[in-house]
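Engineer: Return atomic coordinates for the entry below.
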Amino acid sequence: MASKDEKAPEPVLPIDIPFNKLADWLIQRNMGSSEWRTQLKCMRDKVKSVLSTLPDVSGMEELKKNSALDYFTCQKILSLLQSNVETNQKNWFGGYKSVHMKEWATVIGEYEKDGLFLMEAASVLVQNVQYEIPHLRNSMSKMAQQINDLTRKEGECHRLATENKLKYKQSCDELGIEGLDVESELQERCKILPTIFTECAEKIRGDDTRKAAQYYRDFAKFVLGDKATALNLLPCLQEVIDAPSIDFADEEPSSSLVGDAEVLPSAGIDWGLDLNAAAEAGTTAASTNGAIDWGVEASAEPCDGEIDWGISTGDQDNGGNDGGIDWDIEAVDDAAAGADDGNGEGIDWDMTALDDGAGITMEAEGCDGNVNVFEDPERRADLVADLVELCSFLRQRLQEQEDKTFKAVRVEFIGDPSASLLQQWLLNCESALSVLDKQSTQHLILVKSSGRYLQRLAKGLRRKKEVADHLVKSAEDSKKRQQDLSDSIAKTKPEIVSLSNRTKTLQKNVEEAVAKLLKGNPVHLTGDINSI
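Structural biologist: Numbering: from 1, shown residues only. From the prediction side, this is the model:
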C-alpha cells in the first residue's frame, strides 16, 4: 500500500490541436522548419529518382502506383525491402549491402530530420479535408441535381413531342392527307374542291334556303317599304339559288351560276368604215398625182383674209361672208342620227339599245368571262357574306320569338314562320356556311390558287414534324446523359470513401508521431477532420 505522503500521479491530459493549424503549431515548438516547403520539394524529387530503380519485390508494384508517395508510404517500401532476403543483407560493420536499402534508409532519415514528414502530413490533411473531399462531394451533388433536371427535361421533351405529333396528325386529318408527302397530297386533295362546292351549292339551292331568303326580303320590304327594293338583298346567294344547274366537272368554272346574258355578236364596235375601199382609193390617188390626197380642194376664188374650215352650222350660208368660222356641222333629226346619207360620208355606229333585263358577259384576255361563284375569290366572299347576313337575321328572329324580353320591341310580321321552321332554316344555312367557310376548305382553295401558299403550308406542317423529331432526339440525349452522370457518381463514391479512409489513417499516424515527440502525451487533431 502506498504511504500517505506519496502523491497520486496527475492524469495525463490530451493535447488538442486544430488540424488546419498543425503546421504552425509544430514550427512554434521547433518541431518543424519554416523552410519545409523547399525541403519537401527536393525530397519528393529524390523519392521519384530512387523509385524508378526499385527491384521487383512482392507488393512493390502496388506501392509504386500509389499517387500519395509520402513518408509513411516510403516506410512501407523500406519494410518490403527489409523483408526481402537479397536486399536485407548486411556487411561486417552492420550496414546494408544493397544499394536500394541504403537509398531508402537515407530517404527515411531526411524525412524525419526537422520533422519534415509531419509538415508534409499536416499539408496533406488540410488539402484532403478542406478541398479534395468537399470537391468530390460537391461534384457528386451537382451530378445528382443534373440527373434530376435531365429526368424532368426528358419527361417534358416526351410530352411536347407527343403534343407536336398530335398537332401534326390533327392538321393532316383536317386537310384530309396522311402526311407522308405533304405537297403532293395537298395537290391531289385539291381535286375534291368541286365535290365540296357541289355539296354547298345543293344546300343553298334547297327549299329551306330559298324560303329563308324570300322571307328575309319580304320582311325587309314590310319594314322598309320601297327602300328595300333598292338595297338588292342577298344578290350573290340569290344568283346561286336561281341558277338552272350546277356543274363542277373537271374543275372547270361553271357558267350555270352566272345568270342569263346576251352576248354581243362582235367583241368590237363597227364604226361603218370600209378600210379596204379607203385603201384602194388612196392607192389610186397616189398613183395619179404622185402625192397624198388630204381631201382638201384649192379654191380659185380670192381669199378675203378669213380661214374656211369647211364646217357649216346649218343656219348660215356656206359663203362665210359674215366673217365667222364655218364648222361644216349640219343639224339632223334624232331618227336619222345613225342613218347613212347614201354617199358613204356618214358614220354607222351600229349601236343597238338593249333591254333593261339583259346582262352582258365581260370577257378579258386570258380570263374566262363565265367565272364561277365558288371559284372566284371576290364572289365567294360575297356569297359567304350573304350567308352570314341571312343566318344573323334568322337567329335574331328566332331569339325574338323564343325570348319574352323582346316582345315589346319585336316587329310583328304576318308572314313570320313558326320557331321550329326558323330553326330548320337556320340550321340549313349554317350547314351551308360551315361547308364553305371551313378551315380545310379555305386551305385547299388557297393551295389551288397559289403555289407559294402551298409551299408555306407544307413547310408549316413539316416544321411541326421536325420539332417533334427534335424533341424525341433531345429526350434520348437526356437519357444518355443521365446514364453518363450515373456512371460518374458510381465512380466518385469509391474515391470519396478511399480518400476519407486514407485521411483518417494519416490522422492517426500523425497523432502517434506527435505524441512520441511529446514523450507519450496523447494528441488529438480537432476540427472538420473528425466529420469526414
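Engineer: Helices of the stretch 51-200 of the chain, start to end?
Structural biologist: Taking DSSP state H, counting those that start in this stretch as the criterion, the stretch 51-200 of the chain contains helices spanning 60-64, 71-83, 99-112, 116-127, 133-175, 182-189, 193-204.
Engineer: Can I get the ones you listed in TSV including distance to Arg395?
Structural biologist: To be clear about C-beta, it is placed using only N, CA and C from the backbone, and glycine gets the same treatment. Formatted as TSV, these follow (distance: least, Cβ to Cβ, whole Å):
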stretch	distance to Arg395
helix 60-64	93
helix 71-83	95
helix 99-112	102
helix 116-127	84
helix 133-175	26
helix 182-189	33
helix 193-204	17
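Engineer: Which stretch among those helices is buried most, on average?
Structural biologist: Mean neighbours per residue, mean count of other Cβ atoms under 10 Å, is largest over these for helix 116-127, with a mean of 21.
Engineer: Could you list every helix and strand that it packs against?
Structural biologist: helix 22-28, helix 36-51, helix 71-83, helix 99-112, helix 451-517 (3 or more Cβ pairs under 8 Å, 6 or more residues apart in numbering; DSSP states H and E).
Engineer: can you do 6 Å?
Structural biologist: Identification of packing neighbours for helix 116-127 by 3 or more Cβ pairs under 6 Å, 6 or more residues apart in numbering; DSSP states H and E yields helix 22-28, helix 36-51.
Engineer: Count the neighbours of the nearest residue to Thr526 once chain neighbours are set aside for me.
Structural biologist: Spatial nearest neighbour of Thr526, chain neighbours left out: Asp16 (5.0 Å); criterion: Cβ to Cβ, 6 or more residues apart in numbering. Close neighbours of Asp16, defined as other Cβ atoms under 10 Å, add up to 11.
Engineer: quick one: Asp16 and Glu103, what's the gap?
Structural biologist: Applying Cβ to Cβ, to the nearest Å, one obtains 38 Å for the distance of Asp16 from Glu103.
Engineer: Kindly report the same for Lys465.
Structural biologist: Between Lys465 and Glu103 the computed distance is 73 Å (Cβ to Cβ).
Engineer: now Gly460
Structural biologist: Separation of Gly460 from Glu103 (Cβ to Cβ) stands at 79 Å.
Engineer: swap in Val514?
Structural biologist: Applying Cβ to Cβ, the value for Val514 to Glu103 is 27 Å.
Engineer: Show me the shaky parts of the chain.
Structural biologist: Applying pLDDT under 70 to the chain flags residues 1-11, 66-67, 85, 88, 92-95, 228, 230, 245-372, 405-410.
Engineer: repeat that for 80
Structural biologist: Applying pLDDT under 80 to the chain flags residues 1-12, 52-68, 84-98, 225-231, 243-377, 402-416, 437, 449.
Engineer: Name the nearest residue to Phe197, ignoring sequence neighbours.
Structural biologist: Nearest non-adjacent residue to Phe197 (Cβ to Cβ, 6+ apart): Phe374, at 4.1 Å.
Engineer: Name the SS class of the one you found, please.
Structural biologist: On the three-state scheme (DSSP: H, G, I helix; E, B strand; the rest coil), Phe374 is labelled coil.
Engineer: Pretty sure it sits against Thr198.
Structural biologist: No: Phe374 is not in contact with Thr198 according to Cβ atoms under 6 Å; the separation is 9.1 Å.
Engineer: dump the residue contacts of the nearest residue to Glu495 once chain neighbours are set aside.
Structural biologist: Leaving aside its sequence neighbours, Glu495 sits nearest to Leu136 (Cβ to Cβ, 6+ apart; 5.9 Å). Applying Cβ atoms under 6 Å, 6 or more residues apart in numbering to Leu136 gives the contacts Thr492, Glu495, Ile496.
Engineer: Next one: the second one from Glu61, what distance?
Structural biologist: Taking Cβ to Cβ as the criterion, Glu495 is separated from Glu61 by 21 Å.
Engineer: ditto for Gly109
Structural biologist: 25 Å.
Engineer: likewise Val47?
Structural biologist: 16 Å.
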